[in-house]
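Chemist: Provide a 3D model corresponding to the input given below.
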Amino acid sequence: MDFKKFFNAAEMKAETVEGDVERYIYTGQEMQVVEYRFPANKTFPAHKHDAHEQMGYLVSGKMEFTIGGTTKILLPGDFYHAQIGVSHNTRTLDEPAVLIDVFSPPRDDLR
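Modeler: Sure, this is the predicted structure:
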């Protein structure tokens, strides 16, 4: 498979989930990056990944994350880590937010 060395959101797989959350996906050999664009006051339901580790970086906005029962408000520049099999959910507060997630190994449902 031929992988891009450089790319932007316009070149990534795009889809809308949960009604109004936009996401842009690029899949490499061993990892996957997803840019999420959340509207204000949006809840993303609790879920877990049984075969995928997930880390993320908040680019803009404010988001409340709960990971394995621990809750924290993330600000731009903050990271988070959801280990394999650990339940996590998030919600935006009073403004839109942009979040970058990385999955390893890549999720087949996002290819």
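Chemist: all helices in the chain, in order from the N-terminus.
Modeler: Counting by DSSP state H, the chain has no helices at all.
Chemist: quick one: low-confidence parts of the protein?
Modeler: 1 (pLDDT under 70).
Chemist: Tell me which stretches of it form strands.
Modeler: Secondary structure of the chain (DSSP state E): strands at 13-17, 21-27, 32-38, 43-47, 53-60, 63-67, 70-74, 79-82, 88-92, 97-104.
Chemist: Need the contact partners of the third one.
Modeler: The one in question is strand 32-38. The set of residues that contact strand 32-38 without belonging to it, under Cβ atoms under 8 Å, 6 or more residues apart in numbering, is 9, 12, 21-26, 44, 61, 63, 92, 96-107, 110. Using the backbone N, CA and C atoms, a C-beta is placed for each residue, glycine as well.
Chemist: now those: which count as buried?
Modeler: 12, 21, 23-26, 44, 61, 63, 92, 97-99, 101, 103, 106-107, 110 (16 or more other Cβ atoms under 10 Å).
Chemist: OK, contacts around the residue nearest the centre of the chain?
Modeler: Closest to where the C-alpha atoms of the chain average out (Cα atoms, centre = their mean) is D101, at 3.7 Å. If you count contacts by Cβ under 8 Å, 6+ apart, D101 has them with 33-36, 54-56.
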